[in-house]
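Q: sequence plus the predicted model coming up.
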Amino acid sequence: MDRVEAWRRLGASGAGVLGTVDPDRGVHLVPVVYTRISPSKIVIAIDAKPKLTRRLRRLTNLRRDPRVTLLVDHYESDWSMLWWVRVDGRAAVRDEVAPHIEQQHRDRFPQLVDHVVGPWIEIEVDEVIGWSAT
């Protein structure tokens, strides 16, 4: 899969698995929803859904080590339809983002309309690769 197609599929999706580096436990994975806001930037909002704690390991990990991977995939029983896209980059934790970015994310995920969102994970993309069965 070429880079253009990988970006297209990444933009068309919206859910993936975020990987951060935990110095004591290794890779930490968590499902997320995201919005691609530019050719090199992706944002993820921490929403107000119930969580065990507001001190999320992914945020602690990113404050220590900004390296991040986002994996987006598509599975079907017809294996000719399989594909995945992986984004590697560096992330920063932000208390807020520009209002137009927050609005773009809320527009993409209407479930967030009644939720407080933030902090935000802002990924600066270094590399995008992908694979497709077809």
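A: Good, I have the coordinates. Residues are numbered from 1 along each chain as shown.

Q: residue 87 and residue 66, how far apart?
A: Per Cβ to Cβ, to the nearest Å, residue 87 is found 14 Å from residue 66. (Glycine included, C-beta is placed from N, CA and C.)

Q: looking at these two, which is more packed in?
A: Higher neighbour count among residue 87 and residue 66: residue 87, with 24 against 16, using other Cβ atoms under 10 Å.

Q: wait, that one sits on residue 10?
A: Yes: contact status for residue 87 versus residue 10: in contact at 6.8 Å, counting by Cβ atoms under 8 Å.

Q: tell me what residue 17 is bridged to.
A: On the basis of DSSP bridges, residue 17 is bridged to residue 31, residue 71.

Q: average pLDDT across the strand of greatest length in the chain?
A: Ordering each strand of the chain by length in residues (DSSP state E) puts strand 117-132 first. Strand 117-132 shows a mean pLDDT of 92 in the predicted model.

Q: show me what that strand is packed up against.
A: For strand 117-132, the elements it packs on are helix 3-12, strand 41-47, helix 57-64, strand 67-74, strand 83-94, helix 99-108, judged by 3 or more Cβ pairs under 8 Å, 6 or more residues apart in numbering; DSSP states H and E.
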